[in-house]
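>>> predicted structure and sequence below. I'll ask about it afterward.
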Amino acid sequence: MVGYIRKRYNLYFSKNKQLAYKLYDILGFIPKKLYLYELAFLHKSYQESNSKYKFTNERLEYLGDAVLSVVVGEYLFKKYPLRDEGFLTKMRSKIVKRKTLNEVSQKMGLDKILAEYAVGKVSRSMAGNALEALVGAIYLDIGYKKTQRFIVRNILRNQIDIKALENHDDNYKSQLLEWAQKNGKSIDYSLHEKEKINGRDFFKIALMIDNKKICESEAYNKKSAEQKASLLAMNKLKINNSKPEMNRF
């Protein structure tokens, strides 16, 4: 009864009732602990310019990442009863990696909410981080079992084509490292420059092969910059017959 009353209050009387309405459309339920969901979208760029906020969504992001990993791991374990640990690990990595979560977050429309709690343009990586934080908020609000059902139904079954992921590999860094190992090459990802843009870290990466700079790349996320540099190097060195296309990170 208390939970019902709190939900109705959040939807009709709370100062953040607009957030409650938007979340109801996305999640399919009315949050009880609405403050957790506001925190899930609170990017550090917004917190730095609003002293009333003591925390950002980073702690919830940490928690959501852990919950996602467990739920996805169990889901794949049951879905593929005859596949080995290596396959399951790769599949989980494809699902919970930054690029996939970025795409899922935007499909769900989380970037539109995030724009209200961030300074500057909302990047794809920010949207993916917000999705992890949102999962953390859901877990704290309604518990593990209901969060598990939400992830399976709303994310794994509705937003991700798991079948297509089975034979798809866009981990260019992993592919490049494998090529280097087979050919006796050394690879180094050197942080060329790090600066602040719109209150956010911006990374510039130089990719070195046998101490020779092959290319440079840049992104708001260090891992994304490394993936972009790997793809640029693969294209430049003509690694793989099927030349991969440059994707947005």
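That came through fine. Numbering: from 1, shown residues only.
>>> what's near enough to touch the residue nearest to S123 when sequence neighbours are not counted?
Nearest residue to S123, sequence neighbours excluded (C-beta to C-beta, 6 or more residues apart in numbering): Y220, at 5.1 Å. Every C-beta, even on glycine, is put in place using the N, C-alpha and C of the backbone. Neighbouring residues of Y220 by C-beta atoms under 8 Å, 6 or more residues apart in numbering: 123, 125-126, 197, 200-203.
>>> in TSV: the residues you listed, plus neighbour count and pLDDT.
Shown next, in TSV, are the contacts of Y220 (neighbours: other C-beta atoms under 10 Å; pLDDT from 0 to 100):
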residue	neighbour count	pLDDT
S123	22	73
S125	20	79
M126	26	84
I197	12	74
R200	20	72
D201	12	79
F202	16	85
F203	19	90
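>>> mind checking which of the residues you listed are in strands?
By the criterion of DSSP state E, membership of the contacts of Y220 in strands covers 197, 200-203.
>>> show me the strands in the protein, by range?
Using DSSP E, strands in the chain cover 187-197, 200-209, 212-219.
>>> and those strands as a markdown table, adding distance to N10?
Below are the strands of the chain laid out as a markdown table (distance: least, C-beta to C-beta, whole Å):
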| stretch | distance to N10 |
| --- | --- |
| strand 187-197 | 35 |
| strand 200-209 | 30 |
| strand 212-219 | 36 |
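>>> to S14, which of those strands lies closest?
Minimum separation from S14 across those (C-beta to C-beta) falls at strand 200-209, 29.5 Å.
>>> mind checking pLDDT for K121?
According to the prediction, K121 has pLDDT 70.
>>> can you list the weak-confidence ranges in the protein?
1-2, 13, 45-54, 119-120, 122, 198-199, 241-249 (pLDDT under 70).
>>> how is it divided into domains?
The chain resolves into domains spanning 2-165, 172-237 when parsed by automatic domain parsing.
>>> and the longest helix seen in the chain, how far out from the chain middle?
In the chain, taking DSSP state H as the definition, the longest helix is helix 58-79. Relative to the chain's own centre, helix 58-79 is displaced by 12 Å; criterion: C-alpha atoms, centre = their mean, to the nearest Å.
>>> list the buried residues of that helix.
By 16 or more other C-beta atoms under 10 Å, the buried positions in helix 58-79 come out as 60-61, 63-65, 67-68, 71-73, 75-76.
>>> which ones are touching the nearest residue to L110 once chain neighbours are set aside?
Using C-beta to C-beta, 6+ apart and skipping the chain neighbours, the partner closest in space to L110 is A130 (5.2 Å). By C-beta under 8 Å, 6+ apart, the residues touching A130 are 40-41, 43, 57, 61, 105, 110-111, 113-114.
>>> I'd like the residues you listed laid out as CSV, including distance to S230.
Supplementary listing: the contacts of A130 in CSV, determined by distance: C-beta to C-beta, whole Å:
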residue, distance to S230
A40, 31
F41, 31
H43, 27
N57, 28
E61, 25
S105, 23
L110, 27
D111, 26
I113, 32
L114, 28
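>>> of those, closest to M208?
Of all the contacts of A130, M208 sits closest to E61, with 31.0 Å by C-beta to C-beta.
>>> distance of that closest one relative to L76?
Note on E61: its distance to L76, by C-beta to C-beta, to the nearest Å, is 22 Å.
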